[in-house]
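In: Build me a model:
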Amino acid sequence: MHRDAFASDTAALTALFNKTQTSQGTVAAVQTLSEINVAQVQQIQMLNDLISTQNLASSIYMASQNAKDKARFDANTNLSGGRAPTRDDFGKSRL
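Out: Numbers count the residues shown, from 1 in each chain. Here you go, the predicted model:
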């Protein structure tokens, strides 16, 4: 069935409804819905995997950044004679 073959939305809807009223139409409709449900579950599983991977990557990145910041802080603390570094201390270490 092509959409252009129908004169109106009502005719298209009626034709689809009539198709599902036969025993073959009903079985085909249920089978099609089952296939759609399986595909949706697969897509949800893939989305869950993607979200988990993204969360892991973000956590690893943040841990790496924290380790770099701590190393820079520790280096600046040692260079500043044990006092807490100031914003200027961080600026010097990046040059």
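
In: pLDDT at S23, what is it?
Out: Looking at S23, its pLDDT is 61.

In: show me where the protein has helices.
Out: For the chain, the helices defined by DSSP state H cover 9-21, 23-79, 87-93.

In: okay if I get the ones you listed as a markdown table plus mean neighbour count?
Out: Every C-beta, even on glycine, is put in place using the N, C-alpha and C of the backbone. Shown next, in a markdown table, are the helices of the chain (neighbours: other CB atoms under 10 Å):
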| stretch | mean neighbour count |
| --- | --- |
| helix 9-21 | 11 |
| helix 23-79 | 11 |
| helix 87-93 | 11 |
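
In: Going by mean pLDDT, which of the ones you listed comes out lowest?
Out: helix 87-93 (a mean of 61).

In: Give me the distance between S59 and T77.
Out: The gap separating S59 from T77 is 26 Å, by CB to CB, to the nearest Å.

In: can you check Q40 too?
Out: 54 Å.

In: Ok, S52 next?
Out: Taking CB to CB, one finds S52 at 37 Å from T77.

In: Over to M62?
Out: For M62 relative to T77 (CB to CB), the value is 22 Å.

In: try V27
Out: On the measure of CB to CB, V27 and T77 end up 74 Å apart.

In: what's the answer for A11, then?
Out: Between A11 and T77 the distance is 79 Å, computed by CB to CB.

In: can you check Q65 too?
Out: Counting by CB to CB, the separation of Q65 from T77 is 18 Å.
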